[in-house]
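**Student:** Could you work out the structure for the sequence below:
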Amino acid sequence: MTGLQNMSGEKSIAQSKIIGKPVYNPNGKQVGTVSDIGLIPGESAINLLVKTIAGTTLEVAWSEVGAVGDIVILSKAVEMPEVKVVTATSAATTPTPVTQQAAAAPVCPKCGKPGTWIPQYQRYYCYTDKTYL
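**Tutor:** Alright, predicted model coming up:
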């Protein structure tokens, strides 16, 4: 990490100053936003945890960070996962999987709405009437 400085000339960067910063590849394409700093137990490695624009989390080694200022610029490009675009028509025609519990949910005798399965208590619950079925 020698020689790496942020834009104000300081060598150390506080975690609070880097989380939330946008991350860019060297070619200027946005990768995502820094969501956290990751440490590997038993090693001195530091990683940036980046929430990508595709919605996934990517680990970037601190050694691959080229500069930090108002943005984070990587020293080498990272592979970006493909963003899956869902259109309104494809979402409407795709059937929603139904679990066996949802299909067999009992109906609340007071309000007539289906109960919600609460795994912790192994029972169905009606949120409208605040009672177990």
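
**Student:** thought Lys51 was touching Ser35?
**Tutor:** Yes: contact criterion C-beta atoms under 8 Å: Lys51 and Ser35 qualify, at 4.4 Å. Yep, even glycine has a C-beta here, placed from its N, CA and C like the rest.

**Student:** Pull up the overlap in contacts between these two.
**Tutor:** Thr57 (C-beta atoms under 8 Å, 6 or more residues apart in numbering).

**Student:** where does this protein dip in pLDDT?
**Tutor:** Low-confidence segments of the chain (pLDDT under 70): 1-10, 81-104.

**Student:** contacting residues for Asp36?
**Tutor:** Asp36 touches 19, 48-49, counting by C-beta under 8 Å, 6+ apart.

**Student:** Could you identify the buried members of those?
**Tutor:** By neighbour count, with 16 or more other C-beta atoms under 10 Å, the contacts of Asp36 hold Leu48 as buried.

**Student:** for the contacts of Asp36, which one is nearest Tyr125?
**Tutor:** Nearest to Tyr125 out of the contacts of Asp36 is Leu49 (C-beta to C-beta; 35.2 Å).

**Student:** Thank you kindly, that will do.
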